[in-house]
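S.K.: predicted coordinates and the sequence they were generated for:
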Amino acid sequence: PCKCILSGQWQNDLGSQVHIFDVEADGSFSGEYRTAVSATQAPIQPALLCGSQQLHGEGQQPTFGFTVNWKSFSDSTTVFVGQCFVDKSGEESLHTMWLLREEVNSGKDDWKATRTGCNVFTRI
Ligand SMILES: CN1C(=O)N(C)[C@H]2CS[C@@H](CCCCC(=O)O)[C@H]21
């Protein structure tokens with residue numbers, strides 16, 4: 001069964017939505033990230049993402065990673081890394097950790113430019 005092929009629509013507890021397009025034979029994919037919360041007054045437009053997932057073997061709980069280039073925000077970038085889990089009733093979830101790097105004006109602000117967190121996405 002093709003469990004945890006990441007193609008499709010996902011949502012997290014912050015209300016963000018991720019649309020992952022087709023996953024290639026080498027595991028690579030692209031997609032869009034729509035945040036529900038806006039850090040600025042700029043209108044929210046979908047940000048592009050690209051990444052890859054493990055596809056080898058029968059293990060149906062593959063690891064993956066992807067990068068989001070924010071459009072309507074402060075020239076920041078987020079990288080996500082995680083694993084897809086399937087529960088007893090076949091429900092899939094993406095357990096991720098992320099690093100959000102904002103662009104700061106000078107190197108002396110470099111120390112405070114990266115936030116981290118963890119986040120779970122489920123299919124919608
Ligand atoms: C909405 N979010 C979300 O669904 N996350 C898992 C976290 C990690 S990416 C961040 C949004 C960053 C928006 C761009 C910016 O504010 O510079 C936050």
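M.R.: Everything's here; your move. Since this is a predicted model, take the numbers as computed values, not measurements. Numbers count the residues shown, from 1 in each chain.
S.K.: which residue ranges of this protein form strands?
M.R.: If DSSP state E is used as the criterion, the strands of the chain fall at 8-12, 17-20, 28-34, 47-53, 63-69, 77-86, 92-101, 114-123.
S.K.: which residues of this protein lie near the ligand?
M.R.: The interface of the chain toward the ligand, taken as Cβ under 6 Å from any ligand atom, is made up of 12, 14, 16, 35, 37, 39, 70, 73-74, 76, 78, 98, 100, 102, 119. C-betas here are computed from N, CA, C, even on glycine.
S.K.: before we move on, back to that, can you say which of the strands of the chain is packed in most?
M.R.: strand 17-20 (a mean of 20; mean count of other Cβ atoms under 10 Å).
S.K.: give me the sheet partners of that strand and which way each runs.
M.R.: For strand 17-20, the pairing partners within the sheet under DSSP bridges are strand 8-12 (antiparallel), strand 28-34 (antiparallel).
S.K.: next one: the residue sitting furthest away from the middle of the chain from the ligand, what distance?
M.R.: The C-alpha centroid of the chain is most remote from Lys108, which lies 28.8 Å away (Cα atoms, centre = their mean). Per Cβ to the nearest ligand atom, to the nearest Å, Lys108 is found 20 Å from the ligand.
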